[in-house]
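Trainee: need a structure here:
(one chain, ligands or ions: 1)
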Amino acid sequence: MLMRAAQKGNIMSKNEKISNSVIRRLPRYYRSLCDLLNEGITKISSRELAERMNVTASQIRQDLNCFGGFGQQGYGYNVAELRDEIAAILGTEKRRGAVLIGAGNLGKALARHLDYESYGCRLLGVFDIAPDVIGAQLGELTVRDMNGIEDFCRRENPVIAILCIPKEAAPEVCARLAALGIRAFWNFSYHDLTKEDTDGITVENVHLGDSLMALCFELDSQSE
Ligand code: NAI
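Mentor: Modelled structure (predicted):
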């Protein structure tokens, strides 16, 4: 029997046994399953899924067993059901409100090119302090003056902030937004937000360079 993940509520807060590394693999499972469905594949064994994802079949079984197990012995996985279950675990249907702070090069790219809805978010507003940036059009959104962030947050109740500001500005902006009800920071500024900055708030400090360095390390390991 399939166990319905949606009935299990918020996995991350209620099921503390699930490791961070398993949670971090779920978006990859989700993407692979969406790709399979787009290719018209409706059923897949853990071995075939493992080959496509370049992980072991036992890893997949172990990961999915954390949530009660989804497959059936001798049948494999129903791709659509598994995709929906993982989407429920990740809460992609929730459409959490987000604001993006700092509409420079990075902020503009993130505002324009990410499909927020498919990740469970809605980008509600983009904010900046620079007069030459305020008023610019980014897709359907107009860059707003940071002075209006208080009114906006009270009205729209966003819970996520995407920080694309210089690192010097991050602690102050973070404190300001936390006081306005922001509960999660996707932080691209090079100031790593710590527990002191964000007590009780979820933070993902993102460094694209880390991924590039890991790639370079792999490259060197291969050629040695
Ligand atoms: P940028 O200079 O083009 O844009 C920064 C924007 O933030 C500007 O429009 C500025 O007016 C605005 N800003 C500054 N202080 C603000 C405040 N208090 N409130 C609201 N808006 C404010 O810089 P870029 O290239 O877009 O990069 C943004 C930040 O992200 C930089 O700190 C950069 O070092 C960092 N970065 C991080 C990466 C990562 O992997 N984590 C990758 C690339 C850049």
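Trainee: so the closest residue to S118 other than its chain neighbours, which of the three states?
Mentor: With Cβ to Cβ, 6 or more residues apart in numbering as the criterion, S118 has its nearest non-adjacent residue at 6.8 Å, and that residue is T92. Every C-beta, even on glycine, is put in place using the N, C-alpha and C of the backbone. Three-state call for T92 (DSSP: H, G, I helix; E, B strand; the rest coil): coil.
Trainee: dump the residue contacts of T92.
Mentor: Residues in contact with T92, defined by Cβ atoms under 8 Å, 6 or more residues apart in numbering, are Y30, S118, Y119, G120.
Trainee: how does it look with 10 Å?
Mentor: T92 makes contacts with P27, Y30, R83, D84, I86, E117, S118, Y119, G120, C121, as judged by Cβ atoms under 10 Å, 6 or more residues apart in numbering.
Trainee: and I60, by the same measure?
Mentor: By Cβ under 10 Å, 6+ apart, the contact set of I60 is R25, Y29, S32, S45, S46, R47, L49, A50, M53, F70, G71, Y77.
Trainee: and L177, how many residues sit next to it?
Mentor: L177 has 24 neighbouring residues, counting by other Cβ atoms under 10 Å.
Trainee: next up, phi/psi of it, please.
Mentor: The phi/psi pair for L177 (degrees, to the nearest 10) reads phi -70, psi -40.
Trainee: quick one: G107 and I149, what's the gap?
Mentor: 14 Å (Cβ to Cβ, to the nearest Å).
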